[in-house]
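**Q** quick one, fold the following:
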Amino acid sequence: MACSWEDLAGAALARQFPDDTGAPDGAVDAAAAVHAIGDMQTQTARSAFIGLGARFPGITHEAVSAAYAAGTVVRGSTIRGTVHTASPANYTVLAEATRVGQHPRWARMMAITDDQIADLWVSIEEFAREWRTPDELREHLSEWLEKNGSSQAQAAARTGPGRYFAFAHGALVRRPASGDRWEGQGKPVYGTFDRTGPASLTDVVRLHLAAHGPSSRQDIAWWAGLSLGSVDEGLAGLDVREDEGPDGRTYLDLPSAPAPRDLPGVRLLPEFDALLCGYDPKARERFVTPEHHRRLWNDSNGMLLPPLLVDGRISGFWRATGTARRRPLEVVWFARTRRPRKAELDEPVAALEAALGIDVTEVTFTREQV
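**A** Numbering: from 1, shown residues only. Predicted coordinates for the structure are as follows:
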């Protein structure tokens, strides 16, 4: 059976905008909400707050912050070396994807063997049983390599990639070094993440399909930072259905997938939202046209403008710049797409205010030719 981009979008929206989080009595709390949508890419710290507000209007800044503080929601560098937020159960799966996908890459960059990278991984975990600063982790890395690595490895530890590895290998979580500003980009400290149990490549593929499917093998590989061979290994343990996609690729899904849904109206999505980052960049047309994608994504610095979702399609972006509690909001829609009506912004603006703990002073609209 062949499926269209619209079919793929409707199926993905049912997972990313669920009516039921699985929490007792249908309650929507931050931990249940994060677990329900699988994972959130959050190298921009505020993205978790904005993304939850867009999906579960009314969720508050205080509720999300409390979930982080309690450890029912965790954040750290995992798949592809990017920062993700997830429930502890799903973070365990992301950590396994990171171990499989990033171990060989780090071994090459650090000029050490696969066995050594595994030993170093364990050493960092033991060291971070107490909260550590990035400088402390880098110092530990350098000392370990002085004892166990070559001069080439020691030099690599002083470069950008090596300095990043000290806190980016997937077994650590991060929190603000001071205060409780979980939505801010302040200095972090890192601690060892205690996995909730064993995880496998099958669990990695299952998590992706449950949160983002239907997906091609290439989508899963890009999202998880895995080779296609590792994806195939994970698929071998799963019962999946297959459909031909609009780009000629085979799209896979779980038999228990929810029914597709429409999403009328407007949503203010965060930077690096899953509607984009859950998929291979070459196959994101289920939610955005290639030309609009090029406008949203800055190739020079890897940053993404916060997308504007209108009737289930990304057709613009928005800005609420600054750090003041009171700030204006600008909504930019692309030419030849539907202009969002002012009244349609009432609910998404209220959701943004509650999630970020801000007051929007005014809303302006700008049309942009792309």
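**Q** show me where the stretch 1-150 of the chain has helices.
**A** Along the stretch 1-150 of the chain, the stretches classed as helices by DSSP state H, counting those that start in this stretch are 5-16, 30-37, 47-55, 61-70, 88-110, 114-127, 134-148.
**Q** following the lowest-mean-pLDDT helix or strand in the chain, which helix or strand comes up?
**A** None of the helices or strands of the chain scores lower by mean pLDDT, DSSP states H and E than helix 160-165, at a mean of 72. As assigned by DSSP states H and E, the chain's next helix or strand after helix 160-165 is strand 172-176.
**Q** which residues does that following strand contact?
**A** 68, 74-77, 83, 91, 124-125, 128, 131, 167, 182, 184, 186-193 (Cβ atoms under 8 Å, 6 or more residues apart in numbering). To be clear about C-beta, it is placed using only N, CA and C from the backbone, and glycine gets the same treatment.
**Q** and for stretch 116-128?
**A** Contacts of stretch 116-128 (Cβ under 8 Å, 6+ apart): 99, 103, 106-107, 110, 112, 137, 140-141, 144-145, 148-149, 166, 169, 171-172, 190-192.
**Q** can you tell me which of those residues are buried?
**A** 99, 103, 106-107, 110, 112, 137, 140-141, 144-145, 149, 166, 169, 171-172, 190-192 (16 or more other Cβ atoms under 10 Å).
**Q** so how do I select the buried members of the contacts of strand 172-176 in PyMOL?
**A** This is the PyMOL syntax for the buried subset of the contacts of strand 172-176, where burial follows 16+ other Cβ under 10 Å:
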select buried, resi 68+74+75+76+77+83+91+124+125+128+131+167+182+188+189+190+191+192+193
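**Q** just name the most buried of the helices of the stretch 1-150 of the chain.
**A** Burial among those, expressed as mean neighbours by mean count of other Cβ atoms under 10 Å, is greatest for helix 47-55, which shows a mean of 27.
**Q** any idea how far residue 71 is from the residue nearest to residue 17 when sequence neighbours are not counted?
**A** Nearest residue to residue 17 in three dimensions, chain neighbours excluded: residue 55, at 5.4 Å (Cβ to Cβ, 6 or more residues apart in numbering). In this view, residue 55 and residue 71 are 22 Å apart by Cβ to Cβ, to the nearest Å.
**Q** how about residue 1?
**A** If you go by Cβ to Cβ, the gap between residue 1 and residue 71 works out to 43 Å.
**Q** looking at the two, which one has more neighbours?
**A** residue 71 (14 against 7; other Cβ atoms under 10 Å).
**Q** domains in the chain, by residue range?
**A** Annotated domains of the chain cover 5-192, 266-368 [automatic domain parsing].
**Q** distance between the ends of the longest one?
**A** For domain 5-192, the first and last residues are 40 Å from each other (Cα to Cα, to the nearest Å).
**Q** repeat that for the last one.
**A** Domain 266-368 has its terminal residues 18 Å apart, counting by Cα to Cα.
**Q** quick check: beta-bridge partners of the residue most central in space within the chain?
**A** Among the residues of the chain, the one closest to the centroid is residue 41, at 1.8 Å (Cα atoms, centre = their mean). Beta-bridge partners recorded for residue 41 (DSSP bridges): residue 84.
**Q** can you check residue 74 too?
**A** Bridge pairing for residue 74 - DSSP bridges - gives residue 86.
**Q** do you know how far it is from residue 357?
**A** For residue 74, the distance to residue 357 - Cβ to Cβ - is 21 Å.
**Q** repeat that for residue 108.
**A** Distance from residue 108 to residue 357, counting by Cβ to Cβ: 43 Å.
**Q** and residue 199, by the same measure?
**A** Distance, residue 199 to residue 357, using Cβ to Cβ: 34 Å.
**Q** all strands for the stretch 201-350 of the chain, in order.
**A** 241-244, 250-253, 266-268, 297-298, 303-304, 307-310, 313-319, 326-334 (DSSP state E, counting those that start in this stretch).
**Q** got CSV for the ones you listed, with distance to residue 49 too?
**A** Shown next, in CSV, are these (distance: least, Cβ to Cβ, whole Å):
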stretch, distance to residue 49
strand 241-244, 35
strand 250-253, 30
strand 266-268, 11
strand 297-298, 22
strand 303-304, 16
strand 307-310, 16
strand 313-319, 15
strand 326-334, 15
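**Q** I'd like the ones you listed as CSV, with distance to residue 348, mean neighbour count and mean pLDDT appended.
**A** Output for those, formatted as CSV (distance: least, Cβ to Cβ, whole Å; neighbours: other Cβ atoms under 10 Å; pLDDT from 0 to 100):
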stretch, distance to residue 348, mean neighbour count, mean pLDDT
strand 241-244, 32, 13, 96
strand 250-253, 29, 20, 98
strand 266-268, 5, 25, 98
strand 297-298, 22, 14, 87
strand 303-304, 18, 17, 86
strand 307-310, 9, 24, 98
strand 313-319, 9, 23, 98
strand 326-334, 9, 17, 97
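**Q** between the ones you listed, which gets nearest to residue 215?
**A** strand 250-253 (6.1 Å; Cβ to Cβ).
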